[in-house]
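Enquirer: Just to be clear, the model below is a prediction. Sequence and coordinates:
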Amino acid sequence: QACVRLFREQMASLAKLSNSRALITSTVACHAIRSFEDCRSLDQAHSALARPHAKAKPSPMQARMHPATGGAARSIPHRSFSTQGPSRLAPISAPRRLVARGMSGVPTEGEVSFTALEDGTKEDFDLMCKVYADATTGPKLAKRSLDLLLGLKGEEYKLTAKIDMFEHSIQTATRAYRDGADEETVVCCLLHDIGELMSPSNHGEVAAGLLRPYISPANAWTLANHEVFQGFYYYHHVGGDRNAREVFKEHECYQRTIDFCHKWDQPSFDPAYKSESLDLFVPMVERVFARRPFFWDLSHPKACAVVAGGTR
């Protein structure tokens, strides 16, 4: 605790110094703190700081860190530092690995060489795309999305309804599944409300944005706008226009979104309805997310983003 307090005092003084002086002073502070490892009180720590040349019995950790000196850390002569004029201390070298990074342009040790994208090389981005592709397989993307769904499970997520939001989603997907809807549409039903408690008035866009690269444009449109079509059943009770959906009347997905809400979404608040298990839907979600992003338009400007599209 004494070491931590002294270190904080040293750090507070750095704001008054230039960057180069700050580096030197912080290094001295680190060496001083290392010599206090066996201190048991703040008074002992201050005493050791006033006498940096005093030798303390090395701790086991010191013995490992400084084998050449029998475990004793090198003492740092007491100096005062001026913010003007050259320092009398030798310049402090950066660790070799940091110096080497970014110089050759070749990724090393599983890391890219750049610290800004504009400095990256083909080798960097080949490596990065491969690692991202491995981290975003269908099962891994599915799990992250299903974790959002599972987060809507429990009494607190009933929000005055007779079932929680998780069961509402499972029930909606079950109705679509039993009605013969295709697998992609069933997955859309399962995940349609995962954004409702993050962006209530625009939650359809949350699900649509997440799924858009992996589903048809028609299903993405339905997801993005379904809350407006759901409004037909309650907007007029809360001061809105239940016919607000008619603004989309000329859109090709108008009727399919009416059907999505009427047949599957709006009736799915029934505690007596026997839904399928989530286990039935997990492989469906995995298969949808395993698709090549923007498979429906490989010329899409986002088709090559992050995972370079074709790696799937």
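Expert: Nice, thanks for sending it over. Here the structure is a predicted model, which is why all the values come from computation and not from measurement. Numbering: from 1, shown residues only.
Enquirer: pLDDT value on the closest residue to Phe281 other than its chain neighbours, please?
Expert: Nearest residue to Phe281, sequence neighbours excluded (Cβ to Cβ, 6 or more residues apart in numbering): Leu190, at 5.3 Å. C-beta here means a position set from N, CA and C on the backbone, and glycine is covered the same way. Confidence per residue is given as pLDDT, and for Leu190 that number is 98.
Enquirer: One more: Gly110?
Expert: As summarised for this prediction, Gly110 has a pLDDT of 86.
Enquirer: From Asp126, how far off is it?
Expert: 13 Å (Cβ to Cβ, to the nearest Å).
Enquirer: Next: Leu191.
Expert: Applying Cβ to Cβ, one obtains 32 Å for the distance of Leu191 from Asp126.
Enquirer: Repeat that for Ile163.
Expert: Distance from Ile163 to Asp126, by Cβ to Cβ: 48 Å.
Enquirer: higher neighbour count, these two?
Expert: Using other Cβ atoms under 10 Å, the more surrounded residue of Ile163 and Asp126 is Ile163, with 19 against 14.
Enquirer: got the phi/psi numbers for that one?
Expert: Listed backbone geometry of Ile163 is phi -140, psi 160, with angles given as degrees, to the nearest 10.
Enquirer: ok, back up a step: is the residue nearest to Phe281 within a helix or a strand, and which one?
Expert: Per DSSP states H and E: Leu190 is located in helix 183-191.
Enquirer: Show the secondary-structure elements that the helix or strand that that helix is followed by is packed against.
Expert: Read in the C-terminal direction, the helix or strand following helix 183-191 is helix 203-211, with elements assigned using DSSP H and E. Identification of packing neighbours for helix 203-211 by 3 or more Cβ pairs under 8 Å, 6 or more residues apart in numbering; DSSP states H and E yields helix 183-191, helix 217-230.
Enquirer: Tell me which of these sits nearest to Pro200.
Expert: With Cβ to Cβ as the measure, helix 217-230 is the member of these nearest Pro200 (8.5 Å).
Enquirer: Pull out the buried residues from the closest one.
Expert: Buried residues in helix 217-230, defined by neighbour count with 16 or more other Cβ atoms under 10 Å: Asn219, Ala220, Trp221, Thr222, Leu223, Ala224, Asn225, His226, Glu227, Val228, Phe229, Gln230.
Enquirer: what's the second one in contact with, if anything?
Expert: The contact partners of Ala220, by Cβ atoms under 8 Å, 6 or more residues apart in numbering, come to Ala208, Leu211, Arg212.
Enquirer: out of those residues, which is most surrounded?
Expert: Across the contacts of Ala220, neighbour numbers were computed from other Cβ under 10 Å; Leu211 holds the maximum, 25 neighbours.
Enquirer: picking up where we left off before, tilt between the helix holding Leu190 and helix 217-230?
Expert: For the pair helix 183-191 and helix 217-230, the angle between their directions (axes from the mean of the first three to the mean of the last three Cα atoms, to 10 degrees) equals 40 degrees.
Enquirer: How about Thr222, nearest residue that isn't a chain neighbour?
Expert: Computed as Cβ to Cβ, 6+ apart, the closest residue to Thr222 that is not its neighbour in sequence is Thr257, at 4.6 Å.
Enquirer: Just name whatever secondary elements the host helix or strand of the one you found is in contact with.
Expert: Under the criterion DSSP H and E, the helix or strand holding Thr257 is helix 254-259. With contacts defined as 3+ Cβ pairs under 8 Å, 6+ apart, the secondary structure elements packing on helix 254-259 are helix 217-230.
Enquirer: ranges for the helices of the protein?
Expert: With DSSP state H as the criterion, the chain has helices at 2-14, 19-34, 42-50, 60-65, 96-100, 122-135, 138-150, 165-178, 183-191, 203-211, 217-230, 254-259, 278-289.
Enquirer: what about the helix holding Thr257, average pLDDT?
Expert: In this model, helix 254-259 carries a mean pLDDT of 98.
Enquirer: ok, and for it, which residues are buried?
Expert: By neighbour count on 16+ other Cβ under 10 Å, the buried set for helix 254-259 is Tyr254, Arg256, Thr257, Ile258.
Enquirer: Next: stretch 160-174.
Expert: Buried residues in stretch 160-174, counting neighbours by 16+ other Cβ under 10 Å, are found at Ile163, Asp164, Met165, Phe166, Glu167, His168, Ser169, Ile170, Gln171, Thr172, Ala173, Thr174.
Enquirer: same question, stretch 116-135
Expert: By neighbour count on 16+ other Cβ under 10 Å, the buried set for stretch 116-135 is Gly120, Asp124, Phe125, Leu127, Met128, Cys129, Ala133.
Enquirer: likewise stretch 194-212?
Expert: Buried residues in stretch 194-212, counting neighbours by 16+ other Cβ under 10 Å, are found at Ile194, Gly195, Glu196, His203, Gly204, Glu205, Val206, Ala207, Ala208, Leu210, Leu211, Arg212.
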